[in-house]
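Undergrad: got a predicted model here, sequence first, then my questions.
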Amino acid sequence: MHFLRMHAIIVLMNIRKRGEENSSPLIYEEVLAIATIVEIVTELIEPVISEPFELVDVEYGKVGSDYILSVFVDKPGGITVNDTADLTDIISPLLDTIKPDPFPEQYFLEVTSPGLER
């Protein structure tokens, strides 16, 4: 639980740094719930993402009116659209096995590259 609290505090600090506290008033419990979801998902999918792929990050949050679970994956030379489709086919059924379901609402699964900033 200590890790989750630290992660929640970091998320809150990043929200404040971006000046979003007024536009997106997340309370500590919501941020802790998001951190819990990220940790559960990471622990579940990390073992099945095998070489040449690398799990870079997992993010979960609300974008507009939609919840998005973003899984950032990379490999040497970068990932392709086919790679993301194949990884989605592996990850999506795994997410359906999580009991109890940690997601408060329906969400979109996004498997993507971390981009050039990595």
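TA: Noted; the coordinates are in hand.
Undergrad: what is the mean pLDDT for the lengthiest helix in the chain?
TA: In the chain, with assignment by DSSP state H, the single longest helix is helix 28-45. In this model, helix 28-45 has an average pLDDT of 82.
Undergrad: and it, what does it pack onto?
TA: Judged by 3 or more C-beta pairs under 8 Å, 6 or more residues apart in numbering; DSSP states H and E, helix 28-45 is in contact with helix 2-17, strand 54-63, strand 66-74, helix 81-95. Bear in mind the C-beta positions are built from the backbone N, C-alpha and C, glycine included.
Undergrad: mind running it again at 7 Å?
TA: Packed against helix 28-45 by the contact rule (3 or more C-beta pairs under 7 Å, 6 or more residues apart in numbering; DSSP states H and E) you find helix 2-17, strand 54-63, helix 81-95.
Undergrad: list the buried residues of the shortest one.
TA: Neighbour-count burial for strand 54-63, counted by 16 or more other C-beta atoms under 10 Å, picks out 55, 58, 60-61.
Undergrad: got a list of what Gly61 touches?
TA: 34, 68 (C-beta atoms under 7 Å, 6 or more residues apart in numbering).
Undergrad: show me what it bridges to in the sheet.
TA: Beta-bridge pairing for Gly61 (DSSP bridges): Ile68.
Undergrad: distance of it from Ala35?
TA: Per C-beta to C-beta, to the nearest Å, Gly61 is found 11 Å from Ala35.
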